[in-house]
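1. I would like the atomic coordinates for the input below:
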Amino acid sequence: MTRIICIVNRKGGSGKTTTTFNLAGALAEQRHRVLVIDLDPQGSFSRSLSINGDGPKTSSVLMTPSDEFAKLVQPTPVENLFLIPADPDLKVIELRYGELAGHHNRLRSCLTKFLPDGFDFVLIDCPPSLSILTSNALVAAQEVIIPVDGSTYGTEALKDTLESIKLVQEEVNPDLRICGILLGNINRRTIYDQTIEETYRSRFTDTMFDTVIPTSIKADEAAMLGKPITNYASSSDLAQCYRHLAEEVASRNKKRWSIRKKSSGLGKKLSSIVARR
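-> Now for the predicted structure:
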């Protein structure tokens with residue numbers, strides 16, 4: 001069964017694309033077939049692999065789900081890794097189509113009806129906002145990974161991100177689960193970062209991944225060269241961290257995180273959170 005996981009945090013610079021890129025590479029290295037959907041209009045993931053797509057546009061297919069969705073899938077230079085690239089017109093969905101009926105369900109419809117067979121994982125790289133595209137990812141996904149850093153702003157962004165996940169669970173996707181919260185950009189040699197890690201682990205306990213991603217320039221170097229860290233610096237500590245993360249993700253089919261409280265008005269509530277960006 002294909003596992004669909006979106007990588008979400010409303011804060012820019014929290015490591016969503018870096019997490020998606022290197023987790024996808026590590027899973028592919030472990031012989032899982034991985035499809036990444038780049039839903040960020042900035043297209044950082046797609047640019048890293050120099051893939052634009054010559055066929056139909058992702059934005060067009062999302063507006064009118066059809067079997068054209070399968071034509072979006074592009075091979076990449078990384079074995080076992082495939083990509084549905086972003087396109088600039090994804091911005092149009094954000095700006096013009098928020099009031100269309102069922103707009104939160106477009107990606108789920110594509111994945112339910114038109115996803116090609118054979119993928120073990122679908123990873124969805126989301127924009128740095130709680131937006132229509134992000135809500136599409138949350139509605140379509142079975143699981144969520146939330147990358148966080150140790151800043152004060154990171155804590156506030158995590159709070160809003162968790163609130164959005166709750167709303168989606170309550171209204172349209174009760175099976176959505178948190179696969180894990182991933183702490184990144186951490187230097188465990190500093191007292192400050194040690195304290196940050198202890199604080200997150202005491203607050204979120206089992207929800208945190210055991211893996212912590214250390215601060216390293218190698219992640220930027222790998223992205224610039226279009227290679228996951230497991231390809232670029234295979235023997236590095238950073239590559240080993242992402243391998244451990246991939247093993248954790250592969251072992252977590254369902255997470256112990258459920259919602260009992262009921263509410264209504266998903267679109268209105270998501271819009272109120274978006275307004276706080």
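2. To what extent is Leu83 buried, counted in neighbours?
-> Around Leu83 there are 25 other residues, counting by other CB atoms under 10 Å. Any C-beta I mention is one placed from the backbone N, CA and C, and that applies to glycine too.
3. now the helices for this structure?
-> Counting by DSSP state H, one finds helices in the chain at the ranges 16-29, 44-48, 58-63, 90-96, 106-114, 132-140, 152-171, 191-204, 218-224, 229-232, 237-251, 266-274.
4. Relative to Asn80, which of these is closest?
-> For the helices of the chain, distance to Asn80 was read as CB to CB. The smallest value, 3.9 Å, belongs to helix 16-29.
5. quick one: contacts of that closest one?
-> Applying CB atoms under 8 Å, 6 or more residues apart in numbering, the external contacts of helix 16-29 come out as 7-9, 34, 36, 40, 44-45, 48, 78-81, 120-121, 123, 125-126, 128, 145, 147, 182, 184, 213, 219, 222-223, 227-231, 239, 242-243, 245-246, 249-250.
6. Put the buried members of these into a ChimeraX selection.
-> If you want just the buried ones from these in ChimeraX, going by 16 or more other CB atoms under 10 Å, the selection is:
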select :7,8,9,34,36,40,44,45,48,78,80,81,120,121,123,125,126,128,145,147,182,184,213,219,222,223,227,228,229,230,231,239,242,243,245,246,249
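7. Would you check how far apart the most far-flung residue of the chain relative to its centre and Ala28 are?
-> Residue farthest from the centre of the chain, counting by CA atoms, centre = their mean, is Ile191 at 29.5 Å. As judged by CB to CB, to the nearest Å, Ile191 and Ala28 stand 37 Å apart.
8. thinking again about what came up before, just so I know, which of the helices of the chain lies nearest Leu72?
-> helix 58-63 (5.7 Å).
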